[in-house]
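A.B. asks: I would like the atomic coordinates for the input below:
(chains A and B)
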Amino acid sequence: GAGVSQSPSNKVTEKGKDVELRCDPISGHTALYWYRQRLGQGLEFLIYFQGNSAPDKSGLPSDRFSAERTGESVSTLTIQRTQQEDSAVYLCASSFPGEMAGNTIYFGEGSWLTVV
Amino acid sequence: KQEVTQIPAALSVPEGENLVLNCSFTDSAIYNLQWFRQDPGKGLTSLLLIQSSQREQTSGRLNASLDKSSGRSTLYIAASQPGDSATYLCAVRRMDSSYKLIFGSGTRLLVRP
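C.D. replies: Numbering: from 1, shown residues only, chains lettered A, B, ... in the order given. Okay, here's the model as predicted:
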């Protein structure tokens, strides 16, 4: 597609349930990033994919968070046993390879997660 | 550890004014710096990307400068319009982990008609 696509755009879930967030990057972009933004705060890096591998998972806040990517395309961020502090907008971004650091990163519109 | 700071946190100006948003970073070893715009309830839109070897970039009414040695960047908006109202974020890509953007907390801009 023309841009980074994320789904669902909004999700309300009960505490303790699992959620899956999906990201479709721009075609041809091998680098994919997940960020989290809590209300009124800055963006926190979660994880980076180059192709289907994730050389940097350092930003995942706990073992309840996991992510995968297949076909050097779609990525899924999974949050297990959701907690209220997981409420945030989860932003996905893509670019050409990360080592080509001159390339612009493009963001999706985010998945807004509310845990009640 | 790279830290990115944006000043002011919020800014309100009348339509037509020229304005400057500031971004500072603690580690000058960066690959590039990128300015984004974020509208309420929306994702981020890339505005300008400045490579570490560049001093400035221009796009329409926007001009971004970079002084890597002093760890500063500015985003200049000429002849501001109400449609410019948004949060403006700067982010740096570090030299030692070129894939990761480190973001500032943003400047919330309101341009009053």
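
A.B. asks: what's near enough to touch the most centrally placed residue in chain A?
C.D. replies: For chain A, the residue whose C-alpha lies nearest the mean C-alpha position (CA atoms, centre = their mean) is residue A:34; its distance is 3.1 Å. Counting by CB atoms under 8 Å, 6 or more residues apart in numbering or on different chains, residue A:34 touches A:23, A:46, A:47, A:59, A:67, A:75, A:77, A:90, A:91, A:92. For every residue, glycine as well, the C-beta is placed using N, CA and C.

A.B. asks: now with 10 Å?
C.D. replies: By CB atoms under 10 Å, 6 or more residues apart in numbering or on different chains, the contact set of residue A:34 is A:21, A:23, A:44-49, A:54, A:57, A:59-60, A:65, A:67, A:69, A:75-77, A:90-93.

A.B. asks: If we check chain B, which of those are in contact?
C.D. replies: Residues of those in contact with chain B (CB under 10 Å from any CB of the partner chain): A:44, A:45, A:48, A:49, A:59, A:91, A:92, A:93.

A.B. asks: hang on, the fifth one is in a helix, isn't it?
C.D. replies: What that stands for is residue A:59. No: applying DSSP: H, G, I helix; E, B strand; the rest coil, one finds residue A:59 to be coil, outside a helix.

A.B. asks: circling back to that earlier point, ok, which pair from the ones next to chain B among the contacts of residue A:34 is furthest apart?
C.D. replies: A:44 and A:49 (16.7 Å; CB to CB).

A.B. asks: out of the two, which sits in the busier spot?
C.D. replies: residue A:49 (25 against 15; other CB atoms under 10 Å in any protein chain shown).

A.B. asks: Next one: residue B:104 from residue B:41, what distance?
C.D. replies: For residue B:104, the distance to residue B:41 (CB to CB, to the nearest Å) stands at 20 Å.

A.B. asks: Check residue A:58 too.
C.D. replies: 29 Å.

A.B. asks: same check, this time on residue B:109
C.D. replies: 16 Å.

A.B. asks: Have a look at these two and say which one is more surrounded.
C.D. replies: residue B:109 (21 against 11).

A.B. asks: got a list of what that one touches?
C.D. replies: B:8, B:10-13, B:19, B:21, B:37, B:75, B:77, B:80, B:84-88.

A.B. asks: ditto for residue B:61
C.D. replies: So residue B:61 contacts B:18, B:76, B:77, B:78, B:79, B:80, B:81, B:84 (CB under 10 Å, 6+ apart).

A.B. asks: need the strands for chain A, in chain order.
C.D. replies: Here chain A has its strands, by DSSP state E, at A:5-7, A:10-13, A:19-24, A:31-37, A:43-50, A:53-56, A:65-69, A:75-79, A:88-95, A:106-107, A:111-115.

A.B. asks: go on, chain B?
C.D. replies: Counting by DSSP E, the strands of chain B are B:4-7, B:10-14, B:19-25, B:30-38, B:44-51, B:56-59, B:62-67, B:72-77, B:86-94, B:101-103, B:107-112.

A.B. asks: how distant is the third one from the center of its chain?
C.D. replies: Spelled out, it's strand B:19-25. Centroid separation between strand B:19-25 and its chain, computed with CA atoms, centre = their mean, to the nearest Å, is 6 Å.
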